[in-house]
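In: Got a predicted structure plus its sequence, pasted below:
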Amino acid sequence: MPRRRPGSLLPLEVSILASCLEAGEAGSHGFALAKAIADAGDSRELTATGTMYRALHRLDAAGLVESWWEDPNDAAAAGRPRRRSYRISGAGATALAKARAEATNAAAFTRADPGFAT
């Protein structure tokens, strides 16, 4: 399997960052992000439950999202385990904008050169 370019994002990571951006400053927990991605029609990227959380961990480690655990009392009052929430960071917003621009440029190049095969 070829390695990806340093600084590039996988399609799932782009979808996660876009969902975090949509969720705003309040952030969202992993299951809600997965649902938003599926609702947006990108569910093909979610091949397994662990795929989403591995990607979130990579994005968090890279500083592209910020994460935190909810208050244990809130979880107890709702009768469920605590949830980890995520929101896009400034670096994540920049990386998302760059990835979207690259995708737009690649699409424009492909349309301009119909003989170009991807």
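Out: Arrived safely.
In: Give me the below-cutoff pLDDT ranges for this structure.
Out: 1-4, 42-49, 106-118 (pLDDT under 70).
In: what about residue 35, how many neighbours?
Out: The tally of other residues near residue 35 (other C-beta atoms under 10 Å) stands at 14. No exception for glycine: its C-beta is placed from N, CA and C like everyone else's.
In: so which strand or helix has it?
Out: Remark: residue 35 resides in helix 30-39, with elements defined by DSSP states H and E.
In: mind checking how far residue 70 is from residue 30?
Out: Separation of residue 70 from residue 30 (C-beta to C-beta, to the nearest Å): 12 Å.
In: Tell me where the chain has helices.
Out: Assigned by DSSP state H, the chain shows helices spanning 11-23, 30-39, 49-61, 72-78, 90-112.
In: In terms of secondary structure, what does the first one contact?
Out: Yep, that's helix 11-23 we're talking about. Counting by 3 or more C-beta pairs under 8 Å, 6 or more residues apart in numbering; DSSP states H and E, the packing neighbours recorded for helix 11-23 are helix 30-39, helix 49-61, strand 65-69, strand 84-88, helix 90-112.
In: any idea how far residue 77 is from the residue nearest the centre of the chain?
Out: By C-alpha atoms, centre = their mean, the chain has its centre lying nearest to residue 16, at 1.5 Å. Computed as C-beta to C-beta, the residue 16 to residue 77 distance reads 28 Å.
In: Then residue 27?
Out: 19 Å.
In: Which one of those two is surrounded by more residues?
Out: Legend: neighbour count by other C-beta under 10 Å for residue 27 and residue 77, higher for residue 27 (19 against 9).
In: can you give me phi and psi for the more buried one?
Out: As for residue 27, its main-chain torsions (degrees, to the nearest 10) stand at phi 80, psi -180.
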